[in-house]
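Visitor: This is a predicted model, with the sequence first.
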Amino acid sequence: MLRCSGCSVCASVICVILSHAQLTVRIMNKSSFEEIYGRCECGTIRYRVDAPAKELYHCHCTRCRRLHGTLFATYAYVDRADFTIETGWASLSTYRSPLASWSFCHNCGCHIFAEHDHNPGIVWYMPATLERTCMPGHPAESEKHIFVASKSPIDRISDDLPQYDAYAHFESSLTSQKDPTA
């Protein structure tokens with residue numbers, strides 16, 4: 001369950017609602033990772049991440065492009081237990097699509113995190129919202145572009161990261177277990 005260190009209202013409403021999802025436990029080495037912090041643009045919602053991201057994706061699918069208003073959206077993922085909203089629960093709104101829910105600040109519109117139905121217990125947060133000196137801590141080899149087959153015609157990928165037409169191959173990613181119709 002996402003932990004709330006804020007008011008009793010969200011602890012008794014939002015946290016309980018989120019707790020119905022099955023928690024997936026994964027063992028990771030957190031010993032060398034120091035917690036990192038992020039926030040929305042207006043500063044109302046602040047969060048903490050207590051573990052390194054397992055992977056980092058640049059998603060070029062149509063849904064992500066429309067939700068973020070960008071050529072692609074970047075996500076880092078961690079276990080739900082390692083992601084805490086510290087302030088601003090009352091300003092958190094959620095958009096629900098057929099496959100996932102995206103949570104954002106209803107004051108400034110900044111996307112903070114997403115939860116996908118196919119990966120319960122995982123939070124996909126937006127690393128661009130991390131404080132200036134914070135890095136998600138993902139293994140460099142885990143960074144990749146996904147859904148490049150549906151990227152915008154004005155999007156030019158100019159790096160050497162691996163590219164996948166849809167989700168990444170099963171051998172290289174948890175994301176490959178997703179529904180390919182995203």
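Guide: Yep, that arrived.
Visitor: okay but residue 108 is in contact with residue 39, surely?
Guide: No. Using Cβ atoms under 8 Å, residue 108 is not in contact with residue 39; the gap is 10.0 Å. For every residue, glycine as well, the C-beta is placed using N, CA and C.
Visitor: and those two? which has more neighbours close in?
Guide: residue 39 (20 against 14; other Cβ atoms under 10 Å).
Visitor: How about the contacts made by the nearest residue to the more buried one once chain neighbours are set aside?
Guide: Counting by Cβ to Cβ, 6 or more residues apart in numbering, the nearest residue to residue 39 once its immediate chain neighbours are dropped is residue 46, at 4.5 Å. Listed by Cβ atoms under 8 Å, 6 or more residues apart in numbering, the contact partners of residue 46 are 37-40, 85-88.
Visitor: Among those residues, which lie within strands?
Guide: When the contacts of residue 46 are checked against strands (DSSP state E), the matches are 37-39, 85-87.
Visitor: And those, which of them are buried?
Guide: 38-39, 85-87 (16 or more other Cβ atoms under 10 Å).
Visitor: can you redo those as a markdown table with distance to residue 130 and pLDDT?
Guide: Shown next, in a markdown table, are these (distance: Cβ to Cβ, whole Å; pLDDT from 0 to 100):
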| residue | distance to residue 130 | pLDDT |
| --- | --- | --- |
| 38 | 4 | 98 |
| 39 | 9 | 98 |
| 85 | 14 | 98 |
| 86 | 14 | 98 |
| 87 | 16 | 98 |
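Visitor: Just give me the closest of the residues you listed to residue 165.
Guide: Residue 165 lies nearest to residue 38 out of those, by Cβ to Cβ, at 30.1 Å.
Visitor: sorry, back to before: pull up the gap between the residue nearest to residue 39 and residue 122, please.
Guide: Distance of residue 46 to residue 122, given as Cβ to Cβ, to the nearest Å: 21 Å.
Visitor: circling back to that earlier point, include distance to residue 74 when you put the buried ones among the ones in strands among the contacts of residue 46 into TSV, please.
Guide: Output for these, formatted as TSV (distance: Cβ to Cβ, whole Å):
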residue	distance to residue 74
38	13
39	16
85	20
86	22
87	23
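Visitor: least trustworthy helix or strand in the protein by mean pLDDT?
Guide: Lowest by mean pLDDT, DSSP states H and E among the helices and strands of the chain is helix 14-18, with a mean of 30.
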